[in-house]
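**Q** show me how the following folds:
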Amino acid sequence: MSFSISALLLFGLLLAMLIRSKAVGAGSAIVAALFGFYLARTPAASAIDQVMAAVGNALPSVG
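**A** Numbering: from 1, shown residues only. This next block holds a predicted model:
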């Protein structure tokens, strides 16, 4: 659970930085947020969650 909150915070900050630096416009940010929202409702969400959990578990052993 803590990794998913951290990932949410990380991706939220990244999106905010892209909007602030004008690399992504407001319309693109809305599309990205809606894409994530609708992706979470698909069967692909569990596979993405498993991949992110595996990456989260692998990161401490890398360093």
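**Q** when you work out contacts or count neighbours from here on, use the C-alpha atoms and nothing else.
**A** Noted.
**Q** so which strand or helix has the residue most central in space within the chain?
**A** Averaging the C-alpha coordinates of the chain gives a centre point, and the residue nearest to it by CA atoms, centre = their mean is Phe11 (4.5 Å). For Phe11, the element it lies in under DSSP states H and E is helix 2-20.
**Q** quick one: average pLDDT of the helix or strand following that helix?
**A** Remark: after helix 2-20, the chain's next helix or strand is helix 26-39, criterion DSSP H and E. Confidence for helix 26-39, expressed as mean pLDDT, is 81.
**Q** and helix 26-39, what does it pack onto?
**A** Using 3 or more CA pairs under 8 Å, 6 or more residues apart in numbering; DSSP states H and E as the contact test, the elements touching helix 26-39 are helix 2-20.
**Q** and the helix it packs on, what's its mean pLDDT?
**A** Taken as a whole, helix 2-20 carries a mean pLDDT of 75.
**Q** and Leu18, how many neighbours does it have?
**A** 15 (other CA atoms under 10 Å).
**Q** ugh, wrong one, Ile48
**A** Around Ile48 there are 13 residues (other CA under 10 Å).
**Q** could you measure from Ile30 over to Phe37?
**A** Computed as CA to CA, to the nearest Å, the Ile30 to Phe37 distance reads 10 Å.
**Q** how about Leu15?
**A** Applying CA to CA, one obtains 14 Å for the distance of Leu15 from Phe37.
**Q** model confidence for Gly63, exactly?
**A** At Gly63 the predicted local confidence, pLDDT, stands at 65.
**Q** what comes up buried for stretch 33-41?
**A** Using 16 or more other CA atoms under 10 Å as the burial criterion, none of the residues of stretch 33-41 qualify.
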